[in-house]
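1. The following block contains a protein sequence and its predicted model.
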Amino acid sequence: QIPLKPQQRTELTKAIRQRAVQLAEENGWAGDRRRTTLIANAIRATVRGHVANMTGSTVRAIGDIPSCQFAVAMELVGLWDSWATLDKIGGIEK
């Protein structure tokens with residue numbers, strides 16, 4: 001399986017960051033870099049886990065995602081909204 005192309009990796013990373021910022025703002029954490037980073041990390045973990053389960057391969061980093069799964073990964077980023085995870089992030093000290 002061919003891993004993501006550099007441009008795809010860049011687009012996916014940017015989409016993850018944008019989704020994390022959006023969710024942070026929706027939860028009243030605009031400008032809170034720590035919470036935004038925690039959200040982005042959770043999104044990455046979900047995407048890696050989902051793609052690994054679908055393909056049966058090891059996906060340790062975003063760059064390990066097969067390029068044929070790029071569209072799936074982008075869709076997952078746009079749909080990510082684990083409210084249980086966001087509740088946990090909301091409970092941490094600023």
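-> Alright, I've got the coordinates. Numbering: from 1, shown residues only.

2. which SSE is the residue positioned nearest the centre of the chain in?
-> Nearest to the geometric centre of the chain sits I43, at 2.7 Å (CA atoms, centre = their mean). Per DSSP states H and E, I43 falls inside helix 33-55.

3. And that helix, how far out from the chain middle?
-> 4 Å (CA atoms, centre = their mean, to the nearest Å).

4. Can you mark which positions in it are buried?
-> For helix 33-55, the neighbour count (16 or more other CB atoms under 10 Å) marks 35-36, 38-40, 42-44, 46-48, 50-52 as buried. (Glycine included, C-beta is placed from N, CA and C.)

5. And for stretch 19-35?
-> Buried residues in stretch 19-35, counting neighbours by 16+ other CB under 10 Å, are found at 19-21, 23-24, 27, 29, 32, 35.

6. Between those, which sits nearest Q8?
-> If you rank the buried residues of stretch 19-35 by distance to Q8 using CB to CB, R19 comes first, at 16.3 Å.

7. how close does the closest residue to the closest one other than its chain neighbours sit to A40?
-> Closest residue to R19 apart from its sequence neighbours, by CB to CB, 6 or more residues apart in numbering: V77 at 5.2 Å. V77 sits 10 Å away from A40, going by CB to CB, to the nearest Å.
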